[in-house]
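Novice: 3D model of this:
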Amino acid sequence: MSVLHETFSRVVRARLFLRLVLTVSAVIAVNVIGFIVAKDAKSVVTRQDGFGGVIVDSTPLDRTRYVLATAENEILLVENDVVVRSKSFEHPILSIAASEDAKRIYVGCTDQRIYILDRNFQDAGLLTVQGRIKDIDAMSNGGLLVVYGTGEYSDKWYLSRFTPEYDEVFRYRIGFNSKAVVSIGEDVFFGTRNSRVGMVSESGKEMWRITLIKPIERLVALASRNSIAVSDEGGNVHLLDSESKIIWHTEISAYSIRSLAWHRPSLSLLAGDESGRFYLMNGQGKLIYENRVFTQGVRSLVITGDDTVSLVSYSGEQATISIAAALRGRTHRFVRTMRAWLTLIGSLLTAGLLTASVSSLRTKVAVLRKRLYEGRVGYLLVLPSLLLLLAFAYYPAISGLYYSLTDFSLSNPIEFVGFENFAAAMHDRVFISGFRNMGIILAANLFKVVSFPLLTALLVFHLVHAKPRNFFKTAFIVPSIVPGIVIVLIWRMIYGSDVGLINQILELLGLAHLKQAWLGNGRYALGSIIFAGFPWVGAFAFLIYFGGLINISGELYDAARIDGANAVARFVRIELPLLKPQFGILIFFSYIGSIQSYADIFVFTRGGPGYATYVPGLQMYLEIADRGNYGYASSLGVILFIIVFVVTVLLRMKRKEA
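Specialist: Reported below is the predicted structural model:
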């Protein structure tokens, strides 16, 4: 029987080992495939040198050239992603367009003029309208469409059509602020800021007008389908036919979509939003690919070839997208999802098989299961407390870690940004200045906690008579019943520039020239906050030291007295070594308090003047309370947590070694 049992055990272990090997091999294979697919996915985006400056608008010329308008009142001719020509204007540029044959370039400026240029950027004409120009579109027959008006919310907004000779054919009153116009043949379409899309005939007669979801941002003509694509401020994209029928609608983003283009070879619609994301949809409006290409909004989206599209961000960053690679995005997403799930399942199976194949682990698991079953009543009683602890302590901490990797704010939807918040903190002059102030406060607080409270505890402890000892002990403890905020407010009054106690004393002593706005002067503000509370004898530190002194054996004092030790020798040889645990406790709490606390500074100066008294904790609070930047504030909190955690671990390791 023993031989059969041993043989059976070997067979079971061999089968478990084989399953373990197969599981690990499958996980490795899945990750290798995922790595290959991820590498292929990276070929979708090719980043290039940017143009610099703020981009206002763009228009394509042909498959290799396009024109950019900048906030520096310049237009740039880009050929093969390189600027080959530029031209400056006296007034800011609002919109640009180009004729279908690329022989004419139209530049609308704030002086209510449209400057007409040839392909070499030489002046070829001038057109004046009566209002602020919002959009220009060159018609296929050589004509020109212009949307313009006055007053952001007035009804004085117009759509004018001009002949190739720039004679006005009609002037149609839109009646509301509009910023998008496009044409298909002789039909003209416009989009307004009150979410309307309309169509005007060749004679200037309105054919229809419908209401969509959000203010319209962009219109793109799909001439081969006799339809238009419409994007809006809410991240929606609609496809409408020439009869106002909505063919499809999809919401691809939570941000405004200001760039839109139709890629005819692949029958795909391309879009770029204000968060810097690029989207590719098929002709039925189904999202095929998305990627955050820039950290700022996409301002230019120009098709530069049968397989490429050039993107330019608001700040002039440049990238090229491969359409063919992006069309494989569905496969990439599927493989990434399957890779994550299979890796998780494989890891769980591996852990289970390892546990089952190793006898010692199997025994420990069995013992743990038995203990859990035996103590099930106790665990059930503890469960409510554990759930509350998880809900109100651990969950906020873990969610803070997650939010630190996002740009979570009250004004924008949550976007995952990785370690961008941490990188921003490392270059944030306010954070760096606050970190330096925190170091100064930490050093001062460590001095405070090991000096006057210890000295006071020693003096009270060594009083000969019990009555004065008890009196002074009570006297140093009673102030702790006063809320800390009251102490801070009293000291703020003491530092007052007009009737503050310090300045009044200086004036009485004939030193009026030394009077200062102690909390309003950057040179003295931080020092004044540190000095507040003098002589810094807190009840907590006093009691910790006093309790430590009480626990020292009287025999040691008797022996020191016999050896002729004076007070200094007694302190150095007996009290100081035996108070090490008390020092450790107080230094630990002082360290944590110096890093986390900001309430006193908030009441004293709110971080001012300027950033003279800023600390990271206060910045974290103000990022949430004043600016609503929860993501960045969470990253600051994580940095502070890491600092506390690392020092805590090092102290524990040192204590274990001791």
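Novice: Ala443: how many residues sit nearby?
Specialist: Neighbour count of Ala443, defined by other C-beta atoms under 10 Å: 12. Using the backbone N, CA and C atoms, a C-beta is placed for each residue, glycine as well.
Novice: ugh, wrong one, I meant Phe51
Specialist: Applying other C-beta under 10 Å, we find 21 residues neighbouring Phe51.
Novice: same question, Ile440
Specialist: 14.
Novice: correct me, but Gly608 touches Ala525?
Specialist: Yes - under the criterion of C-beta atoms under 8 Å, Gly608 makes contact with Ala525 at 7.4 Å.
Novice: those two: who's more crowded?
Specialist: Neighbour tally, Gly608 and Ala525, criterion other C-beta under 10 Å: the higher count belongs to Ala525, 25 against 15.
Novice: what residues are up against the more buried one?
Specialist: By C-beta atoms under 8 Å, 6 or more residues apart in numbering, the residues touching Ala525 are Trp518, Leu519, Phe604, Thr605, Gly608, Pro609, Ala612, Thr613.
Novice: and these, which two are furthest apart?
Specialist: Across the contacts of Ala525, the longest distance by C-beta to C-beta is 12.7 Å; it joins Trp518 and Gly608.
Novice: quick check: closest non-adjacent residue to Tyr379.
Specialist: Of all residues not flanking Tyr379 in the chain, Leu372 sits nearest, at 6.6 Å (C-beta to C-beta, 6 or more residues apart in numbering).
Novice: hmm, that neighbour is touching Val382, no?
Specialist: No - using C-beta under 8 Å, Leu372 is not in contact with Val382, being 11.9 Å away.
Novice: skipping adjacent residues, who's closest to Leu636 in space?
Specialist: Nearest to Leu636 is Met620, by C-beta to C-beta, 6+ apart, at 4.3 Å.
Novice: which helix or which strand is home to the one you found?
Specialist: Here Met620, judged by DSSP states H and E, is contained in helix 616-625.
Novice: which strands and helices sit next to that helix?
Specialist: Contacts defined by 3 or more C-beta pairs under 8 Å, 6 or more residues apart in numbering; DSSP states H and E place helix 616-625 against helix 429-450, helix 580-596, helix 599-604, helix 630-657.
Novice: all strands of the stretch 1-150 of the chain, in order?
Specialist: 45-48, 55-60, 65-70, 74-79, 82-88, 93-98, 105-109, 113-117, 123-128, 132-138, 144-149 (DSSP state E, counting those that start in this stretch).
Novice: most centrally placed residue in the protein?
Specialist: Geometric centre of the chain, nearest residue: Asp407, 2.6 Å, by C-alpha atoms, centre = their mean.
Novice: so for that residue, what's the pLDDT?
Specialist: Looking at Asp407, its pLDDT reads 83.
Novice: angle of the one helix or strand Ser160 maps to against strand 123-128?
Specialist: Using DSSP H and E, Ser160 falls within strand 157-162. Strand 157-162 and strand 123-128 are oriented at 140 degrees to each other (axes from the mean of the first three to the mean of the last three C-alpha atoms, to 10 degrees).
Novice: which other helices and strands does the helix or strand that comes right after strand 157-162 contact?
Specialist: Per DSSP H and E, strand 157-162 leads on to strand 168-173 as the next helix or strand towards the C-terminus. Counting contacts by 3+ C-beta pairs under 8 Å, 6+ apart, strand 168-173 packs against strand 157-162.
Novice: by contact count, what packs against the strand it packs on?
Specialist: Using 3+ C-beta pairs under 8 Å, 6+ apart, the elements in contact with strand 157-162 are strand 144-149, strand 168-173, strand 178-184, strand 187-192.
Novice: for these, which one sits closest to Leu501?
Specialist: strand 178-184 (61.6 Å).
Novice: can you give the contact residues for the closest one?
Specialist: Residues outside strand 178-184 that contact it (C-beta under 8 Å, 6+ apart): 134-137, 139-140, 145-147, 149, 157, 159, 188-193, 216-221, 223, 226, 228, 242.
Novice: narrow those to those that are buried.
Specialist: With neighbours counted by 16 or more other C-beta atoms under 10 Å, the contacts of strand 178-184 contain buried members at 134-137, 139, 145-147, 149, 157, 159, 188-193, 216-221, 228, 242.
Novice: count the residues that sit near the nearest residue to Tyr495 once chain neighbours are set aside.
Specialist: With sequence-adjacent residues excluded and distances taken as C-beta to C-beta, 6+ apart, Tyr495 is closest to Trp518, at 4.2 Å. Number of residues near Trp518 (other C-beta under 10 Å) recorded here: 24.
Novice: ok, the closest residue to Gly297 other than its chain neighbours - how many residues close by?
Specialist: Once flanking residues are discounted, Gly297 sits nearest to Glu274: 3.8 Å by C-beta to C-beta, 6+ apart. Neighbour count for Glu274, taken as other C-beta under 10 Å: 21.
Novice: also the one 5 residues further on?
Specialist: Burial measure for Tyr279: 27 neighbouring residues, criterion other C-beta under 10 Å.
Novice: that one contacts Ser268, correct?
Specialist: No - between Tyr279 and Ser268 there is no contact under C-beta under 8 Å: 10.0 Å.
Novice: now the closest residue to Arg277 other than its chain neighbours: phi and psi?
Specialist: Closest residue to Arg277 apart from its sequence neighbours, by C-beta to C-beta, 6+ apart: Arg292 at 4.9 Å. The phi/psi pair for Arg292 (degrees, to the nearest 10) reads phi -80, psi 100.
Novice: how about Gly297?
Specialist: phi -60, psi 150.
Novice: tell me the pLDDT of it.
Specialist: Here, the pLDDT recorded for Gly297 equals 87.
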